[in-house]
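*Asks:* only geometry, no sequence info:
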Ligand code: RUB
């Protein structure tokens, strides 16, 4: 694979490209642009090389089905419609653009539906950085709803600072806390609603998001505060419907402590699951509904994501 492609993979691995939607957009674009540069002898040869590239991208971060679904969408359509290398190279970009448009359009709807859910004067809590949940909050602010936000710093890589910066720059009253203060905030600061993003959703309606999200959902349950997940359905993990478990990405201990004492062990899971009973609603491009019916909605809206053992 050439250096331009490898650079995008590295940027995804190191979180220079961060958040499921951005990862999916930049990943599929890098894939299509590589396709146009590959020097191959036949269509079969092109598909072999693309399979290698697909694997490299799909494993750059383990818990990112929106990227994997995009790669599936492009490869499936190339197999169906391309009759020559030249043709495949010509149409790769248009299928990529189609998928990027799906992502962008679904994000627009999530933001619009999510903003309806926020009442004027609300105090909102969020975790990590999600372009969908900050999008919802910014839209509510633009509608003049006089909101304030608490956000976590999100150790070890501080993505909460990206959230805080975006919100403060928009003029929203924003307070940052360390991750371990999340329950404290819910208990003491009259939080009305929690909105986080998500990286994946399973066939059973379990949402996967940044480590700490389940703790926030549990604290929300304890205090009866509604917990919403802003997620587009392109983040559905199709393999969960045939019994496989979504993989949770484990990252290097050096992200936690760069120069640790010798012999110290680390555990650095990037994400965790939030089961559907802890979620009041998922805010999606198809509307706001219970996570437990996600499979039915996806089956109708995105049939290309439905797989069986034979596909
Ligand atoms: C980011 C994260 C975000 C989701 C959703 O984790 O957990 O909530 O990716 O993002 P990381 P979006 O920083 O490890 O990528 O709403 O932008 O798709």
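*Replies:* In hand now; what should we look at? Source: prediction; values computed, not measured.

*Asks:* point out the residues in the chain that sit beside the ligand.
*Replies:* 15, 18-21, 128-132, 159, 197-199, 209-210, 270 (Cβ under 6 Å from any ligand atom). For every residue, glycine as well, the C-beta is placed using N, CA and C.

*Asks:* per-residue confidence at the closest residue to the ligand within the stretch 151-300 of the chain?
*Replies:* Distances between the stretch 151-300 of the chain and the ligand by Cβ to the nearest ligand atom are smallest at residue 197, namely 2.9 Å. pLDDT for residue 197: 98.

*Asks:* now it. Nearest residue, chain neighbours left out?
*Replies:* residue 130 (2.2 Å; Cβ to Cβ, 6 or more residues apart in numbering).

*Asks:* quick one: the one you found and residue 118, what's the gap?
*Replies:* 15 Å (Cβ to Cβ, to the nearest Å).

*Asks:* give me the more crowded residue out of the two.
*Replies:* A side-by-side neighbour count of residue 130 and residue 118, using other Cβ atoms under 10 Å, places residue 130 first with 28 against 21.

*Asks:* for that one, grab phi and psi.
*Replies:* Torsion angles at residue 130 (phi, psi; degrees, to the nearest 10) stand at phi -130, psi 130.

*Asks:* that one reaches residue 232, doesn't it?
*Replies:* No - under the criterion of Cβ atoms under 8 Å, residue 130 makes no contact with residue 232, lying 10.9 Å away.

*Asks:* list residues touching both of those two?
*Replies:* Residues touching both residue 130 and residue 232 by Cβ atoms under 8 Å, 6 or more residues apart in numbering: none at all.

*Asks:* residue farthest from the centroid of this protein?
*Replies:* residue 41 (36.4 Å; Cα atoms, centre = their mean).

*Asks:* give the buried residues for the longest helix belonging to the chain.
*Replies:* Taking DSSP state H as the criterion, the chain has its longest helix at helix 85-117. By neighbour count on 16 or more other Cβ atoms under 10 Å, the buried set for helix 85-117 is 85, 88-89, 91-92, 95-96, 99-100, 102-103, 106-107, 110-111, 113-115, 117.

*Asks:* and what of stretch 163-175?
*Replies:* 163, 164, 166, 167, 172, 174.

*Asks:* so which of the residues you listed belong to helices?
*Replies:* 163, 164, 166, 167.

*Asks:* could you identify the most distant pair in those?
*Replies:* Pairwise distances across these (Cβ to Cβ) peak at 7.5 Å, for the pair 164 and 166.

*Asks:* hmm, residue 264 is touching residue 257, no?
*Replies:* Yes - counting by Cβ under 8 Å, residue 264 does reach residue 257; the two are 7.5 Å apart.

*Asks:* which of the two has more residues huddled nearby?
*Replies:* A count of neighbours by other Cβ under 10 Å puts residue 257 above the other of residue 264 and residue 257, at 12 against 9.

*Asks:* what sits against the more buried one?
*Replies:* 264, 266.

*Asks:* which SS state does it fall under?
*Replies:* Secondary structure, DSSP: H, G, I helix; E, B strand; the rest coil: residue 257 is coil.

*Asks:* try the one 10 residues further on
*Replies:* Assigned with three-state DSSP, residue 267 falls in the coil class.

*Asks:* contacting residues for it?
*Replies:* Residue 267 is in contact with 250, 253, counting by Cβ under 8 Å, 6+ apart.
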